[in-house]
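>>> sequence first, then the predicted structure:
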Amino acid sequence: MQESSRGSAVLCSQLGYVFKQPLLLSRALTHRSYAPEHNERLEFLGDSVLGCIVAKYLCAAYPQLSEGELSRLRSNLVKEETLAILAQQLDLGNYLKLGEGERKSGGSRRPSILADAMEALFGAVLLDSGFADAEKVVLNLLVPYLAQVDAQTLGKDAKTLLQEYLQGKRIPLPSYSIITTQGQAHEQSFEVECAIPSLKIATRGAGSSRRNAEQQAAQAAYQQLSTSHD
């Protein structure tokens with residue numbers, strides 16, 4: 001019990017928040033496989049407050065972005081992948097209460113479980129102390145993360161990024177062509193070339209669909225351009 005309290009203290013220190021009702025913290029960390037009183041209702045609450053907090057922050061921080069750009073940015077900040085990254089930074093998996101089967105199958109590392117627990121924590125802070133403190137906790141985690149990524153490109157696919165880059169430089173758009181197709185109709189793999197003749201760039205990508213292969217080729221071209229034309 002003492003060890004658990006020390007662990008909770010470390011987690012609270014990382015969150016920048018100390019719970020007045022420790023039971024809420026315990027509930028937020030409890031998976032449905034562990035006990036009937038689990039974190040799913042807190043997760044529901046946290047999901048809603050997270051979206052509101054992020055929307056409020058983005059409107060203030062990025063006045064130049066359109067509604068569509070703000071929506072794209074918000075959706076990429078509140079998605080499972082991002083929340084799981086934040087959870088990993090907190091070592092949240094070490095604090096989760098999981099049933100034996102879930103624990104043995106690696107549940108403490110599963111992105112969906114980690115993301116759900118992050119949302120439950122936000123919901124728990126809201127119930128424990130209100131919106132202002134929940135906002136502080138969310139931004140304490142998200143703002144440093146956002147500083148490490150490019151808000152203008154977050155969530156855009158490689159073909160879109162490449163197209164916008166070339167349009168901005170008034171360079172003709174790339175052409176995509178299939179180089180090889182292998183396998184049966186239901187298990188095909190494609191190799192595609194992305195060519196930008198005016199820049200003497202030709203990159204290739206492979207994937208289980210033509211679209212995926214084009215994205216891979218575009219990503220390679222975009223990285224090449226970003227490296228050589230910075």
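Looks like it came in fine.

>>> didn't L50 look like it was pressed against V138?
Yes. Look at L50 against V138 with Cβ atoms under 8 Å: they come within range, at 6.1 Å. C-betas here are computed from N, CA, C, even on glycine.

>>> excluding covalently adjacent residues, which one is nearest to M118?
L83 (4.5 Å; Cβ to Cβ, 6 or more residues apart in numbering).

>>> also T180?
E191 (4.5 Å).

>>> report the buried residues of the lengthiest helix in the chain.
Counting residues, the longest helix found in the chain (DSSP state H) is helix 40-61. Using 16 or more other Cβ atoms under 10 Å as the test for burial, helix 40-61 gives L42, E43, L45, G46, D47, V49, L50, I53, V54, A55, Y57, L58.

>>> show me what the helix or strand following it is packed up against.
Per DSSP states H and E, the first helix or strand lying C-terminal to helix 40-61 is helix 67-77. Counting contacts by 3 or more Cβ pairs under 8 Å, 6 or more residues apart in numbering; DSSP states H and E, helix 67-77 is packed against helix 40-61, helix 131-147.

>>> what angle separates helix 67-77 from helix 40-61?
Relative orientation of helix 67-77 and helix 40-61, computed by axes from the mean of the first three to the mean of the last three Cα atoms, to 10 degrees: 140 degrees.

>>> please enumerate the strands of the protein.
175-182, 189-196, 201-207 (DSSP state E).

>>> please identify the deepest-packed of those strands.
strand 189-196 (a mean of 20; mean count of other Cβ atoms under 10 Å).

>>> and that strand, which strands flank it?
According to DSSP bridges, strand 189-196 has the following sheet partners: strand 175-182 (antiparallel), strand 201-207 (antiparallel).

>>> which ones are touching L77?
The contact partners of L77, by Cβ atoms under 8 Å, 6 or more residues apart in numbering, come to V54, L58, L142, Y145, L146, L154.

>>> doesn't A206 make contact with Q216?
Yes. With contacts counted by Cβ under 8 Å, Q216 reaches A206, the gap being 6.2 Å.

>>> what's the average pLDDT for stretch 217-228?
Regarding stretch 217-228, the rounded mean pLDDT is 86.

>>> actually, stretch 89-107.
Mean predicted confidence for stretch 89-107 is 92.

>>> what comes up buried for it?
L90, L92, G93, Y95, L96, K97, L98, E102, G107.

>>> now the last one: how far from H31?
Taking Cβ to Cβ, to the nearest Å as the criterion, G107 is separated from H31 by 7 Å.

>>> shared neighbours of the two, anything?
Counting by Cβ under 8 Å, 6+ apart, the residues touching both G107 and H31 are L96, L98, I113.

>>> from those residues, pick the one nearest Y165.
I113 (37.2 Å; Cβ to Cβ).

>>> excluding its backbone neighbours, what's nearest the closest one?
G107 (5.3 Å).

>>> ok, now which ones touch the one you found?
H31, S33, L96, L98, I113.

>>> in JSON lines: those residues, plus distance to I179.
Converted to JSON lines, the contacts of G107 look like this (distance: Cβ to Cβ, whole Å):
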{"residue": "H31", "distance to I179": "47"}
{"residue": "S33", "distance to I179": "47"}
{"residue": "L96", "distance to I179": "46"}
{"residue": "L98", "distance to I179": "47"}
{"residue": "I113", "distance to I179": "41"}
